[in-house]
Structures are given as structure tokens and as C-alpha cells.
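>>> Okay, predicted coordinates and the sequence, questions at the end:
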Amino acid sequence: MAEGGPRLPAGRHGLPREFIERNQRERILTALVDVVSERGYNGTTVANVTKAAGVSRRTFYEHFADKEACFLAAYEMVTEHVLDSMRNAAATFEDWPQQVRAALATVLRFFAAEPELARICMIEPIAAGGEIAARHRETLRQLAELLRAGRPESGGGPSPPEVTEETLVGGIVSLVVRETNAGRTDELEKLLPELVELVLASYLPTD
Amino acid sequence: MSARCDGSPPDERCLAAHDDVAAEFWERLWPAYVGAIGWHDRIWAAGVAMMRFLQEDPPRAHLLFVAVDGAGPEGLKRRDEIVKRFADMLDDAPRRNGTPGLPRSRATAEIAAGAIYRMLLDKVQDGAIERGEEFLAELIYMAVMPYLGADVAESELAVQSLH
């Protein structure tokens, strides 16, 4: 993401109010991603964000109640995009194993291309705690539901325990977090074969 | 315990307390693991020892898995260290004589280890670690499934009691 995003010209510019607000909001969210990537959520202040976005405190608080609300808006924007992309990628296949592969390939490719957003989605929610951590758990639950939807499609394979989807998602996320934290998001796509094999092994007959 | 390391600046006391608990944790798990014969039994022995350790003192379990999450990069390092050591145990499978394990990559061990970590984190966070008997078998399932196959792992689910 470009630092701070494009800025509006100073003074009276004659732009529609709705455009200005949307532009300001996007600038603030872009700035938040940049600042959090550099300082971490706990080390980020509203002042850091407003400075990077080139907006006043007043503008910030007109859009967001506080830093947490701003982070949540960014987090939800990114995770909704990721989840939609995974669903769309899966929907292009009829075969469930192919759907799993397509969805996992999509998320790995996205995080490889957008390491700052990987950090926002995967690392910072852990440290942030509170409502953000709770929302992150909800996102992981939604990912688990994507997998769980495939149970009837597994064609009479094994019957894994109920917690399988949550734990598989946890395992995948753990590895992505480690690679992201180590600055190795460009290596993420290499993990695809192992991820797919482990997920499918839970549902499909061994042979 | 509801406290978290607050991460900014890194809470050295919280991290030091975590490190002490982690040292006790591994002092309990490792002898149980190496004391059993055969990889499959080692995983069970370590699993039972781990569950007992966590059940004995839920606030200590909270410090080990939950509180440290708030410590930023230092907290993540601690989390990674636990996952790495779980992965070391799992990764041992193909090298053990007599274990009919499937050859797996290090990444597979780390994914399975991360899955186990996630399950423990969720249970501690939800205050459910005291009912560890109810999910120990599921935990063992996740540990052995990649190596012994889902069919063998399913048989673990029939084992429901620590005692």
C-alpha cells in the first residue's frame, strides 16, 4: 500500500462531501495499515495515524471512535475480501478437493503479495486482545465453516472429530503467522502442497 | 487469571513469568515423551503429562498460552517456540524404528503442531482446560493423523479418559 495514499488539495476544492469522506476514510485506513505494520498495534497511536494520513484528529474521530474501531474497520475490510476471494476461487470447481486447493492457493497468494495486510489479518489481532482478538477468532471460525461445508462431499471417508476444522485452521494460521513474522511471505505459496495434503487427509480415505 | 502482557513496552515481568512456566512445562513433558517406547506411545505419554500440567493450575496455563499473546513480537517468539517443540516431537515419527508412519515434511509437523497449540489456546481461553479429558483424544488425533492416517487416528477417539 502506498504511504498515506493520495491527499486532497488544500482549501476549497468543490468536491462532493461524500467523496471527501470516503477519501478521508480510505486514507486513514491506509495510514493505519502502514503505521501498524511498522510499529505494531500496541505501539501505534491515533497521532501516528493522523500524521501518516495527513488528516486532523477531528477528521479521525469523525470516522472512528478510537484506534480499536479504526483497526477493526481495516481488519474487516481485508478479511471480508480474503474470505470472498476464497469462496469465489472454490466456487470455480465442483470437486471438493479442488475447491480446498483453490481456496488455500488464493489466501496464500494474497498474503504473499500483501505482507502488510497479512500482518493486519494474522499477527496484530493476537497482540491487540479485546474486541479485535474476539473478532479474529470469529474470522477463524468462518474459515473453519468453509472447511466444514465439505464434510458431506468427502465421499464416505473418515469421520474426523468435531473440532477438526478449527484445529486445522489453527495449524495453517500458525504457520502463516510464523512465516509472516519472519518476513517470509514470499515463501508462503510453497506450503500449498503440504497444507492441501493435511487438510484432505482428515476427510478422504488413506489410499 | 485475566491479565495479558500489554506489549508496549514489552512487559518483561510477564515474559519472565511465561518463561518460568514454559521451563516447568517442558520439564514435565519431555521425560514423559522420551520415557515411553515407540512414537505412538510417546505422543500419548506427552499428551497425558501435558494435560495434567495444564489442569493442575489453570492460571498457570493461562500465562503459558493466553497472557503472553499481548507481548507483541516477544510474545510471538514464545508462541513459536512452543509450536516448534511440539513439531519436534511430531517430526520424530518417521525416524522412529517400528513406527508405521507416513513420511512427512517439516511443514506438516508444524501445521499439526500449530493445530494442537490452537486447540489448547482455545480451551484455556474458554476456561475449558479443566475438562481436558473430554478433548485429549481429539488432541492425540490431530497429532497422529498426518503420520498414521485418519483411519488409525479415528481409533484414538474411543479413548476418552486420562485415568
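Ah, there it is.

>>> For the longest helix seen in chain A, name the packing helices and strands.
Secondary structure of chain A read by DSSP state H shows that its longest helix is helix A:67-91. Secondary-structure packing of helix A:67-91 (3 or more CB pairs under 8 Å, 6 or more residues apart in numbering or on different chains; DSSP states H and E): helix A:17-39, helix A:46-53, helix A:96-113, helix A:124-128, helix A:130-148. From N, CA and C alone the C-beta is placed, and that goes for glycine too.

>>> Residues contacting the shortest one, please?
Residues external to helix A:124-128 that are found in contact with it (CB atoms under 8 Å, 6 or more residues apart in numbering or on different chains): A:36, A:40-42, A:68, A:71, A:75, A:132-133, A:135-136, A:177, B:7, B:69-72, B:75-76, B:79.

>>> still on that earlier bit, how much does the longest helix of chain A deviate in direction from helix A:96-113?
Helix A:67-91 and helix A:96-113 are oriented at 140 degrees to each other (axes from the mean of the first three to the mean of the last three CA atoms, to 10 degrees).

>>> Tell me the first helix or strand C-terminal of the helix ranked longest in chain B.
Longest helix of chain B, by residue count under DSSP H: helix B:12-35. Next along the chain after helix B:12-35, taking DSSP states H and E as the criterion, comes helix B:39-56.

>>> Would you mind identifying the next helix or strand past that following helix?
Under the assignment DSSP H and E, the closest C-terminal helix or strand after helix B:39-56 is helix B:58-65.

>>> How far does that next one sit from its chain's centre?
Relative to the mean C-alpha coordinate of its chain, helix B:58-65 is positioned 13 Å out (CA atoms, centre = their mean, to the nearest Å).

>>> buried stuff in that helix?
Neighbour counts using 16 or more other CB atoms under 10 Å in any protein chain shown place B:Arg60, B:Ala61, B:His62, B:Leu63, B:Leu64, B:Phe65 of helix B:58-65 among the buried residues.

>>> which residues does the fifth one contact?
Spelled out, that is B:Leu64. By CB under 8 Å, 6+ apart, B:Leu64 lies in contact with B:His18, B:Val21, B:Ala22, B:Phe25, B:Leu54, B:Ile82, B:Val124.

>>> Got phi/psi on A:Ser56?
phi -80, psi 160 (degrees, to the nearest 10).

>>> residue contacts, it?
By CB under 8 Å, 6+ apart, the residues touching A:Ser56 are A:Thr50.

>>> Can I get stretch B:17-36 as CSV, trimmed to CA atoms?
C-alpha atoms of stretch B:17-36 as CSV (Å, rounded to 0.1, in the frame of the first residue of the first chain):
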residue,chain,number,x,y,z
ALA,B,17,6.9,-15.5,34.3
HIS,B,18,5.9,-17.1,31.0
ASP,B,19,9.5,-18.4,30.5
ASP,B,20,9.4,-19.9,34.0
VAL,B,21,6.2,-21.7,33.3
ALA,B,22,7.4,-22.8,29.9
ALA,B,23,10.5,-24.3,31.5
GLU,B,24,8.3,-26.3,34.0
PHE,B,25,6.0,-27.3,31.2
TRP,B,26,8.9,-28.9,29.2
GLU,B,27,10.4,-30.4,32.3
ARG,B,28,7.2,-32.3,32.7
LEU,B,29,6.5,-33.2,29.0
TRP,B,30,10.0,-34.2,27.8
PRO,B,31,10.6,-37.0,30.3
ALA,B,32,7.2,-38.4,29.7
TYR,B,33,7.8,-38.3,25.9
VAL,B,34,11.3,-39.9,26.0
GLY,B,35,10.3,-42.4,28.7
ALA,B,36,7.8,-44.2,26.5
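
>>> Give me the contacts around it.
Residues outside stretch B:17-36 that contact it (CB under 8 Å, 6+ apart): B:5, B:42-46, B:48-50, B:52-53, B:60, B:63-64, B:67-68, B:71, B:78, B:81-82, B:85, B:89.

>>> Count the residues that sit near the nearest residue to A:Arg137 once chain neighbours are set aside.
Using CB to CB, 6 or more residues apart in numbering or on different chains and skipping residues adjacent in sequence, the residue nearest A:Arg137 is B:Asp122, 7.9 Å away. By the criterion of other CB atoms under 10 Å in any protein chain shown, B:Asp122 has 20 neighbours.

>>> circling back to that earlier point, average pLDDT across the longest helix of chain A?
Mean per-residue pLDDT for helix A:67-91: 94.

>>> buried stuff in it?
Across helix A:67-91, burial judged by 16+ other CB under 10 Å covers A:67, A:70-75, A:78-79, A:82-83, A:86, A:89-90.

>>> Give me the contacts around it.
Outside helix A:67-91, the residues that touch it by CB under 8 Å, 6+ apart are A:25, A:28-29, A:32-33, A:36, A:41, A:44-46, A:49, A:60, A:63-64, A:99-100, A:102-103, A:105-107, A:110, A:117, A:120-121, A:124-125, A:128, A:130-132, A:135-136, A:139, A:142-143, A:146.
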